[in-house]
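Undergrad: Just a sequence and a predicted model for now, questions to come.
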Amino acid sequence: MFELTLDRIVQVIALVLLLAVVVTLGLGWQQIRTASKLPFFMLRRRRIGQGWRLILIGIFFGVFTLFIQIFGRQVAYTIIPPTPSLTPTSTITSTPSITPTPTISPIPSITPTPTITSTPTITPTPSLPEDLREGIESSVTPNAEAALSSIEVARSLGTNNQAVNSSDRFVLPIDRLYGAFTYDKLQDGVQWTALWYLGNEVICQESIPWDGGTGGYGYTECEPERWVEGEYEIQIFLGEQWKVSTRFAVLREVPITETPFEPRETETKVP
């Protein structure tokens, strides 16, 4: 998996500025050296002035490169902050009330029994399967402040690994689906796991040390042998800790039915 991260963008900018420092300092020094060989005073003075200007520009680029290297990530995360995911809340399932039986005689009707209020159901927090828990290779402890946005499911990805036309319903046939998300304050080397479920069955999984930097755009993908109709769920973990989930549905392709042609009776004119 390749992510275009903010860390990598900052590093590229710093490298370009460092190259500009080397070029301007080199050109400035070359101007000063060649100026000493000129026989004319005004021309020599002008050439030396150009050389010192290039050296000052190189020093400015160097200071700016140092600023980008130290504060570039913080400025980038301030401008493009990932949105933390929302933790799903438990749902309350109500029990239908008991319908009172109507009376036939004029005797006073029976008072209906009060309805029974059900206890709210508790949605269990997803947990990492035991076989994956035992196979964790990384010794890096996940950052408690690491944040992942909600997962957007789509058939394709666009610029910066962002979902194109994300949805929670997809109609067969399907080749591959992507789960795109943004992240912040992650650490390279921490074990991350993405699981794709159909019911209780894992159809796709990846569990590897993270290498996408501290912040940016990421995704997980799934291409099973065959997509079938049903309810699916994506779960993402950092280490053994669950971070975010999303659900979507795969629907059967709706066949196009043709309206049967019914011939009408026609009158034949007798000569």
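TA: Received it, and whenever you're ready, just let me know what you need.

Undergrad: can we go C-alpha only for contacts and neighbour counts from here?
TA: Fine.

Undergrad: Tell me who's in contact with Gly239.
TA: Contacts for Gly239 (Cα atoms under 8 Å, 6 or more residues apart in numbering) come out as Ile136, Thr141, Pro142, Val190, Gln191, Trp192, Thr193.

Undergrad: Quick check: the farthest pair among those residues?
TA: Greatest spacing in the contacts of Gly239, by Cα to Cα: Thr141 and Thr193 (14.1 Å).

Undergrad: who has more neighbours, those two?
TA: Thr193 (24 against 13; other Cα atoms under 10 Å).

Undergrad: Let me know whether that one touches Trp242 as I believe.
TA: No: assessed by Cα atoms under 8 Å, Thr193 is found out of contact with Trp242, at 9.2 Å.

Undergrad: any shared contact partners between those two?
TA: Residues touching both Thr193 and Trp242 by Cα under 8 Å, 6+ apart: Ile236.

Undergrad: circling back to that earlier point, so can I have CSV of the contacts of Gly239 showing pLDDT, secondary structure and distance to Ile151?
TA: Output for the contacts of Gly239, formatted as CSV (pLDDT from 0 to 100; DSSP: H, G, I helix; E, B strand; the rest coil; distance: Cα to Cα, whole Å):
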residue, pLDDT, secondary structure, distance to Ile151
Ile136, 81, coil, 23
Thr141, 90, coil, 23
Pro142, 92, coil, 20
Val190, 93, coil, 20
Gln191, 93, strand, 19
Trp192, 94, strand, 15
Thr193, 95, strand, 14
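
Undergrad: Compare those and tell me which is most surrounded.
TA: Neighbour counts for the contacts of Gly239, by other Cα under 10 Å, peak at Thr193, which reaches 24 neighbours.

Undergrad: Give me the distance between that residue and Ser207.
TA: Distance from Thr193 to Ser207, counting by Cα to Cα, to the nearest Å: 4 Å.

Undergrad: cool, Ala35 as well?
TA: Going from Ala35 to Ser207 by Cα to Cα gives 62 Å.

Undergrad: ok, now Gly216?
TA: For Gly216, the distance to Ser207 equals 19 Å [Cα to Cα].

Undergrad: Same drill for those two, tell me which one is more crowded.
TA: The neighbour comparison of Gly216 against Ser207 (other Cα under 10 Å) goes to Gly216, with 27 against 19.

Undergrad: What about the nearest residue to that one once chain neighbours are set aside, how many residues nearby?
TA: Leaving aside its sequence neighbours, Gly216 sits nearest to Thr5 (Cα to Cα, 6 or more residues apart in numbering; 4.4 Å). Using other Cα under 10 Å, Thr5 has 19 other residues around it.

Undergrad: cool, Asp168 as well?
TA: 14.

Undergrad: With the one 10 residues further on instead?
TA: By the criterion of other Cα under 10 Å, Tyr178 has 22 neighbours.
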